[in-house]
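Engineer: return a 3D structure for these sequence lines:
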Amino acid sequence: MLITDGTRVLLLADTDPGIPGSRWWTTPGGGLEPPETPRQAAVRELAEETGQHVAPDALAGPLAVREVVHGYSDQILVQRETFFAWRTSTFDVDESGRTDDERLTLTATAWIRLDALAGLPDPVWPDNLAWMLALAANPPEGPVDLGRVEESTVPEQPQPSRMMR
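Structural biologist: Predicted structure coming up:
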């Protein structure tokens with residue numbers, strides 16, 4: 001999570017190419033590349049997705065961890081996520097380090113005011129981002145375990161349909 005003076009956060013608009021018109025906002029981040037630690041992966045992903053190169057100890061946290069299910073039109077991913085925060089001033093995002101998949105699905109980048117998060121027309125993932133940003137102001141001694149959540153364009157287990165009579 002990239003936070004400015006406590007009033008804005010950097011978010012990326014992501015999409016599911018298999019579902020035209022789908023869009024949600026997310027924080028920069030991604031998967032581990034062995035033998036990376038979560039902190040090393042956060043530093044690498046920050047550089048790839050935003051062009052910002054930071055020292056690992058510049059990141060606050062880990063603030064929170066969770067297991068998340070991401071159901072997309074072509075796959076279901078189950079990931080263990082670790083959240084860090086970095087306080088910075090706004091900057092122009094450099095997208096040149098993004099992977100081919102990121103270039104395909106990430107369609108926008110914006111510094112969003114914290115008080116505007118709830119009013120965005122598209123979902124924000126993690127859905128408790130405002131709460132996690134508050135953690136960044138007073139980092140816990142250890143990461144908060146948020147358990148298992150689902151954030152999907154295609155649910156992992158669709159709800160059974162009900163027959164109408």
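Engineer: quick one, strands of the protein?
Structural biologist: With DSSP state E, the ranges of strands along the chain come out as 2-3, 8-14, 24-26, 60-71, 76-87, 108-113, 124-125, 144-150.
Engineer: now the first one: how far from the chain's centre is it?
Structural biologist: Using Cα atoms, centre = their mean, to the nearest Å, the distance from the centre of strand 2-3 to the centre of the chain it belongs to is 12 Å.
Engineer: show me what that strand packs onto, helices and strands only.
Structural biologist: Strand 2-3 sits against strand 8-14, strand 76-87, with contacts defined as 3 or more Cβ pairs under 8 Å, 6 or more residues apart in numbering; DSSP states H and E. Yep, even glycine has a C-beta here, placed from its N, CA and C like the rest.
Engineer: quick one: strands adjacent to the longest one?
Structural biologist: Here the strand partners of strand 76-87, with direction, are listed using DSSP bridges: strand 2-3 (parallel), strand 60-71 (antiparallel).
Engineer: I'd like those strands laid out as a markdown table, including mean neighbour count, mean pLDDT and distance to W86.
Structural biologist: Shown next, in a markdown table, are those (neighbours: other Cβ atoms under 10 Å; pLDDT from 0 to 100; distance: least, Cβ to Cβ, whole Å):
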| stretch | mean neighbour count | mean pLDDT | distance to W86 |
| --- | --- | --- | --- |
| strand 2-3 | 21 | 85 | 5 |
| strand 60-71 | 19 | 93 | 7 |
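Engineer: between those, which one is nearest to E49?
Structural biologist: When the strands paired with strand 76-87 are compared by Cβ to Cβ, strand 2-3 sits nearest E49, at 9.9 Å.
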